[in-house]
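S.K.: need the 3D shape of this:
(one chain, ligands or ions: 1)
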Amino acid sequence: MFRLRLYYFIKPLLPWGLRIVVRRYFARQKLKKVSHIWPINEPAAKKPDNWPGWPDGKQFAFVLTHDVETQKGLDNVRRLAELEMELGFRSSFNFIPEGEYETPDDLIVWLKGNGFEVGVHDHRHDGKLYTSHKAFRKAAERINQYIDKWGATGFRSGFMLRNLDWLHDLNIQYDASTFDTDPFEPQNDGLGTIFPAFIEKQPSQSSSQERQSRPRDAAEEESAESELSAFTPRPSGSSSRTGYVELPYTLPQDSTLFLLLQEKSNQIWKDKLDWIAENGGMALLNLHPDYITFEKNPRTDRKFSYKHYREFLSYLKKEYNNDHWHVLPKKLAAFSKPILSINSSNATGSQKIEDYPVEKIWIDLENTPHIPFFNPIVKELERRGIDISLTARDAYQTCAMADLYNFSYDKIGKHYGKNKLLKSIGLIIRSLQLIPFALREKPTLALNHGSRTQTFISKILRIPTITIMDYEHSSGYFLQPEWEILPEVIGANNFHKSKTTKVLTFSGIKEDVYVPDFTPDTALREELDLKNGSVVITVRPPATEAHYHNPESETLFLKFMEQARQNSQTKIILLPRNKRQETHLRTSYPDWFKLSKTIIPKGVVDGLNLLWHSDLVVSGGGTMNREAAALGVPVFSTFRGEIGAVDLHLQKEGRLVLIESEKDIDEKIEIVSRKKDFNQNSNPRRALSDIVGNIESILAQYRSN
Ligand SMILES: [Zn+2]
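M.R.: Prediction:
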C-alpha cells in the first residue's frame, strides 16, 4: 500500500506523457507473464451457488458503464450516449462529485430522461479515498449526499482502489470497483468471478475495539445505522442478509486496451465476450468518455476511435441479438441481490426466474400537488432499482409543474370542469384513455394520491392499486383500492367502510415527505416586488368546484381580503385555483388590485418558496395549509367542510389555526411579519422512509405470490 500512496502523492507532479511511457513499458513486461489469467481467467466462470440464470432464459447479461474523469470526458457524455441510443443501448455514467469538473444538473436530467443511469465515481478522484477508515467515513458522508442528490444507486472508486468492508458506509445498492481479472490495475487482486457477488455486512462490522476506545462515536454510528436501515430494503425472509451487490467489470477497460497496451483492434473485447456468453456470465464494460474520440482518423495515442466501440456493440447485436440481457447495473443489482443474499444453508435451489421480475410502478399525477409529493418517492424507489412510469393529467398546472420537476411522463386526459355529469363522463373518458398505457407498461403496482381514474382502471385491469391519502372525508370511490397508505393520525381512526382495503400508515404528514427538500430562493422577492417592511400574506381562495365546497368558506375569504387590504403594511399574493376563478375575482373586486396591493403571480410559482417568503398564509384548505405548517409559517384555514384528522392534529399541535367564524378573523389572525429562519435538519424523514418501506413490502407480496 505504501508504494501506491507514494505514487498518488507524486503523480500530480509528473507530466502525463512521462507517466504513460513508463506505464506502457511495465505493462508490456507484465503482459508476457499474465497470459494465463488475462484477459480470461478460467476459474472465474464458476457460477455462484444456486444461481438460477438470467431473466427470461437469457444466455448472459450485458452491462455498459462509464467513468467520467475530466472536463473533456464530460464534454463527450451526450455524444457517447447518443451513439448508444442510436444502436438501442443504455448505460450508466459515473460522475466525480468533487473533482476537477462540475456535473451540470441538466445533464443528469437529460441522461435519466433518456433512460440512462447516473452513479457516483469516487469522491475527489485523487487516489486518497482509502487512506484511513476515518477519512473514508468523512468522504462517505459527502458521497452519500451526492448519491441522494443524483438519485444514484451505485458507486465506483477511482483507480479501482477498494476496501469492500468500508463500502458498507455508503448508501448504495451496488459497488463496481472490482474486476474478475485485471493485473494492470494498481490494486490488482481480482474478484475472480464473472458473476455479481454479494458483500454481506457483518453484524459485528463496527469492531468492539473501536466501540471501546471511542464510545461516543460508536453510539453516533449506531444511530446513523438505524436511520440508514430505514432506507434499505427490508428483505422479506429471515434468511436474507444485508449488504450490497458487487459488480465486477469483466471486459478490459478501454484505457488498458487502447492506451496502455496500444491495441489496434477490439478483438480482445470480442473474444472475452464470446467466452462470457458461453459461460452464462455478466459482460460488464467500463469505458471512459475521456479517451474516446469521434474524429474520423485520430492522430494521437492518447485517444481511441469511437469505431472500436461502435463496431463492438454492432458485433454483440449481430451475434447475440436475442440471447443477451441488456440491463442497467442498478437493475442487475436489484435482480441479483435477493438471489445472492439468501443464506446458502437455507437456499432450496428451486428459485425460479419468474420470482424475480423487474418491477415497475405506475404513478398517476392527477393534480399539481402530486408532483412535489411524488418527487422524493420516485427518486427513492428508482434508487432501489424499481422502474417508474408516470402519467399526468392536463389539468390545473399539473403538466407545467411536472416539466418544472423534469419528470418524463405521458400526458393523458384533461379537466372537465365543475358540472357533475361532465365530471363523471370525464372520469370514464380518462380511464379509457389510460388503458393503452397500462397495457403497454404492464406495471406490477399502480400508485396514486387519490386518482380515481387510475384506481378505477387498475381494478378493471387487475393491477393492484395503492392510494396514499391524507383526507378521510372525500366522497366515495367507485371502487376501493387494494391498499391505502395513510398518516398515522387517520389510520388509527379506522374510518373505513370498505373491508377489502388493507391499510398501512406513515408517521407525520404527507408534506413531511418533500418539504425537507426545500431551500429558499430569494430571487422571488424581486420577481414579485416584495419590499422590506411589508407584511406578505399569501391567500388561497376556497375551491369552488371541488366536491367538498362549502359557501361559508367563501364568506370568510371575502371578509379577510377586505380586512387585509385596509392594512397599509400588507402585500397580498392571491393564488386563484384556476383561470376562471381569477377572472371572476378580477372583475368582481377590481379595488383589490389597485396599486398592486394584491397581485396574482404570472405562470407557475414554486409554492413552497412563496410560502417561505410569506409572513402568514390564509387558505381555504388543501395542501397549501399543511405545507405552510410543515415550514413553520403561521397558517389560518378558512376551510369549512368537514375538518380532517390531519388538520385537527395540526391544530392540536399549534401548527395550524382553524378559522370558524367572522369573529375568529378579528381575534385569531394577527397581521405581523415573522422571523424567517430555516433549519433544514429539523425535520426527520420518517414519513418518506415509512411510505417507501410500505410500498416495497407491498411489492414483495406480489413478487412472492
Ligand atoms: Zn476514474
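
S.K.: give me the below-cutoff pLDDT ranges for the stretch 401-550 of the chain.
M.R.: Within the stretch 401-550 of the chain, the segments meeting pLDDT under 70 span 417-418, 473-478, 491-499, 545-549.

S.K.: the strands in it, which residues?
M.R.: Ranges of strands in the stretch 401-550 of the chain, per DSSP state E, counting those that start in this stretch, are 410-414, 445-448, 465-468, 483-487, 502-506, 535-540.

S.K.: redo these as JSON lines? Include distance to the ion.
M.R.: Every residue, glycine included, has its C-beta placed from N, CA and C. Below are the strands of the stretch 401-550 of the chain laid out as JSON lines (distance: least, Cβ to the ion, whole Å):
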{"stretch": "strand 410-414", "distance to the ion": "37"}
{"stretch": "strand 445-448", "distance to the ion": "37"}
{"stretch": "strand 465-468", "distance to the ion": "40"}
{"stretch": "strand 483-487", "distance to the ion": "41"}
{"stretch": "strand 502-506", "distance to the ion": "40"}
{"stretch": "strand 535-540", "distance to the ion": "48"}
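
S.K.: TSV please, covering those strands and showing mean neighbour count.
M.R.: Formatted as TSV, these follow (neighbours: other Cβ atoms under 10 Å):
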stretch	mean neighbour count
strand 410-414	17
strand 445-448	26
strand 465-468	25
strand 483-487	23
strand 502-506	17
strand 535-540	23
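
S.K.: make a markdown table out of the ones you listed and add distance to residue 91.
M.R.: Listed next are the strands of the stretch 401-550 of the chain as a markdown table, based on distance: least, Cβ to Cβ, whole Å:
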| stretch | distance to residue 91 |
| --- | --- |
| strand 410-414 | 24 |
| strand 445-448 | 27 |
| strand 465-468 | 32 |
| strand 483-487 | 34 |
| strand 502-506 | 35 |
| strand 535-540 | 45 |
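
S.K.: who in the stretch 101-250 of the chain is up against the ion?
M.R.: The stretch 101-250 of the chain has residues residue 158 near the ion, with proximity defined as Cβ under 5 Å from the ion.

S.K.: pop the domain breakdown of this protein in here.
M.R.: Domain ranges of the chain: 2-47+65-203+240-340, 357-515+686-704, 521-677, per automatic domain parsing.

S.K.: of the ones you listed, which shows the lowest average pLDDT?
M.R.: Lowest mean pLDDT within the domains of the chain: domain 357-515+686-704, at a mean of 83.

S.K.: wait, residue 332 sits on residue 176?
M.R.: No - judged on Cβ atoms under 8 Å, residue 332 makes no contact with residue 176 at a distance of 10.2 Å.

S.K.: those two - which one has more neighbours?
M.R.: The neighbour count for residue 332 versus residue 176, taken as other Cβ atoms under 10 Å, is higher for residue 176 (29 against 25).

S.K.: ok, the more buried one - contacts?
M.R.: Neighbouring residues of residue 176 by Cβ atoms under 8 Å, 6 or more residues apart in numbering: 65, 94, 119, 154-156, 246-249, 284, 286, 329.

S.K.: please apply the same query to residue 393.
M.R.: By Cβ under 8 Å, 6+ apart, the neighbours of residue 393 are 364, 365, 366, 367, 399, 411, 412, 413, 414, 415, 430, 453.

S.K.: what do you get if the cut-off is 7 Å, keeping everything else the same?
M.R.: Counting by Cβ atoms under 7 Å, 6 or more residues apart in numbering, residue 393 makes contact with 365, 366, 412, 413, 414, 430.

S.K.: now it, what's its secondary structure?
M.R.: strand (DSSP: H, G, I helix; E, B strand; the rest coil).

S.K.: common neighbours of residue 332 and residue 176, please.
M.R.: The contact sets of residue 332 and residue 176 overlap at residue 247 (Cβ under 7 Å, 6+ apart).

S.K.: what's the helix or strand for the spatially most central residue of the chain?
M.R.: Nearest to the mean C-alpha position of the chain, counting by Cα atoms, centre = their mean, stands residue 379 at 1.6 Å. Element membership of residue 379 [criterion: DSSP states H and E] is helix 370-383.

S.K.: which strands and helices lie in contact with that helix?
M.R.: Applying 3 or more Cβ pairs under 7 Å, 6 or more residues apart in numbering; DSSP states H and E, one finds that helix 370-383 contacts strand 360-365, strand 387-394, helix 398-404, helix 686-704.

S.K.: go with 10 Å
M.R.: Judged by 3 or more Cβ pairs under 10 Å, 6 or more residues apart in numbering; DSSP states H and E, helix 370-383 is in contact with helix 133-150, strand 360-365, strand 387-394, helix 398-404, strand 445-448, strand 465-468, helix 623-631, helix 686-704.

S.K.: note down every partner strand of the fifth one and its orientation.
M.R.: The pairing partners recorded for strand 445-448 under DSSP bridges are strand 360-365 (parallel), strand 465-468 (parallel).

S.K.: could you do the third one as well?
M.R.: Sheet pairing of strand 387-394 (DSSP bridges) gives strand 360-365 (parallel), strand 410-414 (parallel).

S.K.: export those as CSV, with columns for distance to residue 606.
M.R.: Output for those, formatted as CSV (distance: least, Cβ to Cβ, whole Å):
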stretch, distance to residue 606
strand 360-365, 17
strand 410-414, 21
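
S.K.: and of those strands, who's closest to residue 108?
M.R.: Set against residue 108 and scored by Cβ to Cβ, the strands paired with strand 387-394 come closest in strand 360-365, at 20.3 Å.

S.K.: now that closest one and helix 370-383, what's the angle there?
M.R.: In terms of direction (axes from the mean of the first three to the mean of the last three Cα atoms, to 10 degrees), strand 360-365 departs from helix 370-383 by 170 degrees.

S.K.: now do stretch 160-169: distance from first to last residue.
M.R.: End-to-end distance of stretch 160-169 (Cα to Cα, to the nearest Å): 17 Å.

S.K.: stretch 676-694 too?
M.R.: With Cα to Cα as the measure, stretch 676-694 spans 35 Å from end to end.

S.K.: again, but for stretch 155-173
M.R.: End-to-end distance for stretch 155-173: 9 Å, by Cα to Cα.

S.K.: cool, stretch 507-515 as well?
M.R.: 15 Å.

S.K.: buried residues in it?
M.R.: Neighbour counts over stretch 507-515 (16 or more other Cβ atoms under 10 Å) mark 508, 509, 510, 511, 512, 513, 514, 515 as buried.

S.K.: just stretch 637-650 next, same as before
M.R.: Of all the residues in stretch 637-650, those buried under the rule 16+ other Cβ under 10 Å are 637, 638, 639, 640, 641, 643, 644, 645, 646, 647, 649, 650.

S.K.: of all those, which comes closest to residue 623?
M.R.: The shortest approach to residue 623 among these belongs to residue 646, at 10.7 Å (Cβ to Cβ).

S.K.: quick one: the helix or strand hosting that closest one to helix 623-631, angle?
M.R.: Using DSSP H and E, residue 646 maps to helix 645-652. Compare the direction of helix 645-652 with that of helix 623-631 by the same axes, to 10 degrees and you get 40 degrees.

S.K.: for helix 645-652, packing partners?
M.R.: strand 483-487, helix 488-491, helix 623-631, strand 635-637, strand 657-658.

S.K.: what angle do that helix and strand 483-487 make?
M.R.: 10 degrees.

S.K.: now do helix 645-652: distance to the chain's middle.
M.R.: Distance, stretch centre to chain centre, for helix 645-652: 30 Å (Cα atoms, centre = their mean, to the nearest Å).

S.K.: now that helix - C-alpha only, CSV.
M.R.: Output of helix 645-652 as CSV, limited to C-alpha atoms (Å, rounded to 0.1, in the frame of the first residue of the first chain):
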residue,chain,number,x,y,z
ALA,A,645,-57.9,14.3,11.2
VAL,A,646,-54.7,15.7,9.9
ASP,A,647,-55.8,19.4,10.3
LEU,A,648,-57.2,18.6,13.7
HIS,A,649,-53.9,17.1,14.6
LEU,A,650,-52.0,20.1,13.3
GLN,A,651,-54.4,22.5,15.3
LYS,A,652,-53.8,20.5,18.4
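
S.K.: what's in contact with that helix?
M.R.: For helix 645-652, the surrounding residues in contact (Cβ atoms under 10 Å, 6 or more residues apart in numbering) are 469-473, 486-493, 495, 508-511, 621, 625-626, 628-630, 635, 637, 639, 643-644, 655-658.
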